[in-house]
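A.B. asks: kindly generate the corresponding structure for this input.
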Amino acid sequence: MLDSSQYARILQSLPILQQASAEFAQEFQRAAFFARIPAGRDVFLEGDHVEAIALLISGMVRVYKIGETGREITLYRFGNGSSCILTANAILNQKTFPAIATVERDAEAVMIPADIFRDWVRRHDLWREFVFDLLSQRLSTVMAIVDEVVFQRMDRRVASLLLNQAKKQNPLRITHQEIAAELGSSREVISRLLEDFVSDGCIRSGRGTVEVLDFKLLESHSLM
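C.D. replies: Alright, predicted model coming up:
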């Protein structure tokens, strides 16, 4: 059960509750519970049974797959006001979790038990629309990743990743292995591509850092 201060915080992060009826708002406050999850904690591992779904009000969670060769690929991330479609899908279909979900930044979440989640989807139009909208948004994200993996060259994908991250922070604090895990490649392939970018004068690469030196030149690599 949520206390009044917790519910007030959640209300700011989940606009859906501002449209909820008094009945649903009371149900939500009684059934949901608050959780803090530290960075580095695995929320779910592949094959786990899903007993509750988390709606984040702070922090960040990365959802990814590990292949038979040990390579990783990020499927998506979710943060404030959002949740995990694979968790929702596992609950609705009563299946196990098909990937790994790990907290990247200390998270605070409101947790909803699986049986309550399914019941609300059946009984409350507002909640059902919220869940379907969530599924639609994340499906678009995953489809974009499939398109990248299948149809785009790795050098373009690396260049795009560096450009997007450098707009937020430059130099980037990121290792070759982390780039490989993000894009579903090997560290050796990423290191070779980064060496090419260094030779072209696009970037400077150090231990655990990458600095973009020429944004326009790197952008040209992302479009080639």
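A.B. asks: so Val189 touches Arg157, yeah?
C.D. replies: No - Val189 lies out of contact with Arg157 (C-beta atoms under 8 Å); the separation is 10.8 Å. For every residue, glycine as well, the C-beta is placed using N, CA and C.
A.B. asks: quick one: secondary structure of the residue nearest in space to the middle of the chain?
C.D. replies: With distances taken as C-alpha atoms, centre = their mean, Arg77 lies nearest the centre of the chain, 0.9 Å away. Under the three-state scheme (DSSP: H, G, I helix; E, B strand; the rest coil), Arg77 adopts strand.
A.B. asks: that one reaches Gly59, doesn't it?
C.D. replies: No - applying C-beta under 8 Å as the test, Arg77 and Gly59 come out as separate, 10.4 Å apart.
A.B. asks: centroid-wise, who is the farthest residue in this protein?
C.D. replies: Ser199 (32.8 Å).
A.B. asks: show me where pLDDT drops low in the chain?
C.D. replies: 150, 224 (pLDDT under 70).
A.B. asks: can you pull out the strands in it?
C.D. replies: Here the chain has its strands, by DSSP state E, at 33-37, 42-44, 52-66, 72-78, 100-113, 172-173, 203-206, 209-212.
A.B. asks: report all helices and strands that the third one contacts.
C.D. replies: Read it as strand 52-66. If contacts are counted by 3 or more C-beta pairs under 8 Å, 6 or more residues apart in numbering; DSSP states H and E, strand 52-66 sits against helix 4-13, strand 33-37, strand 72-78, helix 85-93, strand 100-113, helix 114-123.
A.B. asks: and Ala32, backbone torsions?
C.D. replies: Per-residue torsions, Ala32: phi -80, psi 160 (degrees, to the nearest 10).
A.B. asks: roughly how far does Met100 sit from Lys65?
C.D. replies: To be clear, residue 100 is Ile; Met isn't right here. From Ile100 across to Lys65, the span is 7 Å (C-beta to C-beta, to the nearest Å).
A.B. asks: joint contacts of those two?
C.D. replies: Common contact partners of Ile100 and Lys65 (C-beta atoms under 8 Å, 6 or more residues apart in numbering): Glu46.
A.B. asks: between the two, who's got more neighbours?
C.D. replies: Neighbour tally, Ile100 and Lys65, criterion other C-beta atoms under 10 Å: the higher count belongs to Ile100, 20 against 14.
A.B. asks: wait, that one touches Phe44, no?
C.D. replies: Yes - Ile100 is within contact range of Phe44, at 6.8 Å (criterion: C-beta under 8 Å).
A.B. asks: longest single helix anywhere in this structure?
C.D. replies: As assigned by DSSP state H, the longest helix anywhere in the chain is helix 125-151.
A.B. asks: what angle separates it from helix 85-93?
C.D. replies: Using axes from the mean of the first three to the mean of the last three C-alpha atoms, to 10 degrees, the inter-axis angle of helix 125-151 relative to helix 85-93 is 120 degrees.
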